[in-house]
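Q: A predicted structure for the sequence below; I have some questions about it.
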Amino acid sequence: MCPYRFEKHSSRKALLLVTCLAGFGSSSLVASAQAASSNAAVHHKAHAHHPQAVTGQKAEIAAVPAHPKMRRPASINSTGDEHVTVSTSRLARSRGGGMMRVETAPYAIQTITKAFIEAKSPTSTALDLIKNLPSVNVSTPDTSGMQGGRIQSRSLTDADMALMVDGAPAASAAYMAEDIDSENLDSVSLTPGSSAVDLPATSAAAGVMNEVSHDPSHTFGGLMDFSYGTNNLSREFMRLETGDIGKSGIRSYLSFSNTHARSWMGAGINERRHLDFGIRKDWENGSFAKLFMSWNFEDFTIDRYPTAAQFHKYKDTGEGYGRKAGFDATGNDYWKNNIDHWNQLFLSAPIHIVLTDKLQFDLRPYYNWGQGWDGSSGGFANGTTTFKSGQTIAAGTPLTSYFQENGALDVGATAKLGYDIDKHNHFELGYWYENQDYTQHFPVSVTKADGSNPSPNDSTYQVYSGGSRSYFGNTTGYEIHSLFLQDTAKYFHDRLLVNGGFKYVMSNVWYTTYPAHKQMGQNLTAPLPHLSVSYHFNEHHQVYINAEGDFRQPSASALGNTTLTGKLPKNQYSIKEELGYRYNDKYVIVDLDLFNYNITNRLLSTYLGNNQSGVVNAGNQTARGFDAMFSTQPIYGFSPYVSFEYLNARMDTNIAASDASGNLTAFRTKGTQAPLSPHVMANFGLTYVNKGFFANATVHYTGPQSVSIAGDQRIPGYVTNTLSLGYHFKPVWYAKSPTIRLNFTNLTGSIVRTGVVGVGTNASAVRLMNGNLSGAGSSAQFYVEPRFSMTGTISTGF
């Protein structure tokens, strides 16, 4: 591989997009031909499976296969698509009102199911839905579903996670709302300490969050809902299902939603339009082809994240820290001058082909493209700059500065062959390719006379200096080639499962600045071993161990926002071990997971403003603790759920720092609590169902935590809560499932900080290793729990 590259586009990216589209059609011919040529593939006998066979990394809601003749994949990271066609089967695996599910994988996995999703507000993102899982502390900036937020998990963050839709890389946590509407979600699963060998991800030290999209219905119909709520929220959604199209075996759906809401803090109006499309074809021999595509357009006000002083002023006096409601000649902080304007296209097209009774092939291409800009105050003109025409811009004229993403591309594919060696062993060999390419610029324009920001592409407002436009920027990205293999062995009537795998990653990272065209880059390789062992004593008891290696390279977007001084940040490496026990019967589920992480060259996210984050190295770290979950089947209509995590995360090195005189030394951080590592998190949920009436209440607690590298800034523990109430009416005419529900958040009106948008270095001067005081540092900026909100929704299937 070349040491670096900086082309905006390459033919391989175009070819991979064609693969996503053409592969769906070509698979139809291949699978049909294979089905016709081999009746054995149709009528083969799958190997004996344990009654609670392990599901795949997709962790879909498993129950009854849609086609009785479908092959049941032997791999623990199966690509077979399992479906829910009988509601009682889904309920048998889901407990605690859908807040927990019976799991059998040989690693920790935590899942919320459709029952819980349907009780929540349609504005919910995946982050809202996983807030009560034991391994995560989730911070979200709004209640209208316009944005995403941040995840903390076992001393790590969402930057250390693989965030997926149907097993394909999706938007970052901060923009989770771009991926999929909640009505089209079947489940959300979190594997907090592991990632499958065949998953297209490396940055998964904190595990994987996978959203499983809705499979098209076999019958014609649809779903529609309308929501109205606090902050002038209004949202409309409709999904149309084709059902099975003739005898082709093809079925599809198309949905659209429109959302409007005011900002809860300060002034601002937010708009979102979203489209989801899904299509699927199944064959009797177990082959299938599926495509999911989403398009998202939004204009939302960029939040101001408060410092500790701004937060306390708001809590003590009620004086907010949001954007201004009108033109601000002093600070140029009018909300219309702080807008995030964005278009996003996401596509995944998994294909599974049964070639023979023992041989299968999987192809999983994906494509993710985004383009847009964020505007913010750029100060005021000094009288030396001009418009494009050459006319001088008067001194004191308000300016707008931009983060302009000319193109954010993530395209790739995994290809895999699976072979049943004998009745005990299933072997897989595969290849993964990915290309990320981000091109961004930071131009300046004159703010419009009404205080709003113009498009940075509008030449009427563009700022020039010396005859040239102010248009510096950069291109960052990487290209990955990876080979992987794994073997899954089952013995003692499938009670013992042993999976060993190995992934070898070859990555080429580049960073080029404009207009100087200064270039940096590096090639790297990483061997990533995986081993897991599981044993079922009987149908009730299971134990497992899991160990794996992981590495994370700085993301292209974070590199593009970080000031670099001649070299790229070091890559982060992790070694992780888990030991778990599960129990389930027809009444309860119990899940206990012990974990240990050793992290080298920890990468921490820093907040740069304007909704952008950078990245820095922060030494080595050790984290260990345990998660516990418990839930039951309904008892007189009540289904309780409880989860708990204890975490002890410590920094293993003294982090480099400079004293007030500029001398290089270090913070006294070795042995101290790692940032973003609360010792205790706890959750409680209670669901009640009686005939048509349903209700769900949740409470979440996160303990105190450090939010700076030096450990001199902390936030106290906090409690959040939600409540859902609703009623399912009997069918009326074409309305098959008329339902009304009310969703409440922050019922107590608590004013609390739930997390940070970026870790600070030191909020005040601290004593360093050389005995001197530190120089000026940075303090954290915070997420604040949005005030009380209520959303009412009416919905029906038809």
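A: Yep, it's here.

Q: C-alpha only now, for contacts and for neighbours.
A: Will do.

Q: Count the neighbours of F729 for me.
A: 16 (other C-alpha atoms under 10 Å).

Q: List the residues that contact the closest residue to it other than its chain neighbours.
A: Computed as C-alpha to C-alpha, 6 or more residues apart in numbering, the closest residue to F729 that is not its neighbour in sequence is P738, at 5.4 Å. Counting by C-alpha atoms under 8 Å, 6 or more residues apart in numbering, P738 touches H728, F729, K730, P731, V732, I794, S795, T796, G797.

Q: Using PyMOL, define a selection of the buried residues within these.
A: A single PyMOL command selects the buried members of these (16 or more other C-alpha atoms under 10 Å):
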select buried, resi 728+729+794+795+796+797
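
Q: re the thing from before, the residue nearest to F729 and V136: what is the separation?
A: 34 Å (C-alpha to C-alpha, to the nearest Å).

Q: F442 too?
A: To V136, F442 is 34 Å away according to C-alpha to C-alpha.

Q: Repeat that for S94.
A: Taking C-alpha to C-alpha, one finds S94 at 20 Å from V136.

Q: Kindly report the same for E183.
A: In this view, E183 and V136 are 23 Å apart by C-alpha to C-alpha.

Q: More neighbours: which of those two?
A: More crowded of E183 and V136, by other C-alpha under 10 Å: V136, with 26 against 22.

Q: Mind jotting down where the helices sit in the stretch 551-700 of the chain?
A: 556-561 (DSSP state H, counting those that start in this stretch).

Q: Where does pLDDT dip in it?
A: Counting by pLDDT under 70, the low-confidence segments of the stretch 551-700 of the chain come to 555-568, 606-614.

Q: how many other residues sit next to the closest residue to D420 other than its chain neighbours?
A: Among residues not flanking D420 along the chain, H426 sits closest, at 4.4 Å (C-alpha to C-alpha, 6+ apart). Neighbour count of H426, defined by other C-alpha under 10 Å: 22.

Q: quick one: the strands in the stretch 51-200 of the chain?
A: 94-95, 100-101, 110-113, 136-139, 150-153, 156-157, 162-165, 168-169, 185-191 (DSSP state E, counting those that start in this stretch).

Q: what about those strands, which gets the closest to Q360?
A: Closest to Q360 of the strands of the stretch 51-200 of the chain, according to C-alpha to C-alpha: strand 168-169, at 19.8 Å.

Q: Could you pull up the mean pLDDT of the closest one?
A: Across strand 168-169, pLDDT averages out at 92.

Q: who's in contact with that strand?
A: A162, L163, P200, A201, S348, R364, Y366.

Q: could you dump these to TSV with distance to R251?
A: As requested, those are exported to TSV (distance: C-alpha to C-alpha, whole Å):
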residue	distance to R251
A162	29
L163	27
P200	27
A201	30
S348	16
R364	19
Y366	20
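
Q: tell me the least confident of these?
A: Lowest confidence among those: A201, with 88.

Q: Near the closest residue to it other than its chain neighbours, how many other residues are there?
A: Nearest residue to A201 in three dimensions, chain neighbours excluded: A162, at 6.1 Å (C-alpha to C-alpha, 6+ apart). Residues near A162, counting by other C-alpha under 10 Å, number 30.

Q: Surely A162 touches S194?
A: No: counting by C-alpha atoms under 8 Å, A162 stays clear of S194, with 9.9 Å between them.

Q: what is in contact with these two at once?
A: Shared contacts of A162 and S194 (C-alpha under 8 Å, 6+ apart): A204, G207, V208.

Q: Select from the residues you listed every entry located in strands.
A: Counted as lying in strands by DSSP state E, out of the shared contacts of A162 and S194, are V208.

Q: With respect to I130, which of the shared contacts of A162 and S194 is nearest?
A: Distances from I130 to the shared contacts of A162 and S194, taken by C-alpha to C-alpha, are shortest for V208, at 12.4 Å.

Q: Quick check: chain neighbours aside, which residue is closest to that closest one?
A: A162 (4.7 Å).

Q: Which elements pack onto the helix or strand G418 falls within?
A: Element membership of G418, judged by DSSP states H and E, is strand 398-420. Packing partners of strand 398-420 (3 or more C-alpha pairs under 8 Å, 6 or more residues apart in numbering; DSSP states H and E): helix 11-37, strand 359-380, strand 425-441, strand 444-446.

Q: Show me where this structure dips below the pLDDT cut-off.
A: Scanning the chain for pLDDT under 70 picks out the ranges 1-92, 555-568, 606-614.

Q: export the shared contacts of A162 and S194 to CSV and tack on distance to S534 and neighbour count?
A: As requested, the shared contacts of A162 and S194 are exported to CSV (distance: C-alpha to C-alpha, whole Å; neighbours: other C-alpha atoms under 10 Å):
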residue, distance to S534, neighbour count
A204, 22, 26
G207, 19, 28
V208, 20, 28
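
Q: show me what contacts the residue nearest the centre of the chain?
A: What sits nearest the mean C-alpha location of the chain, by C-alpha atoms, centre = their mean, is L163, with 3.6 Å. With contact set as C-alpha under 8 Å, 6+ apart, L163 has these partners: P169, A170, A171, S172, A173, V208, M209, N210.
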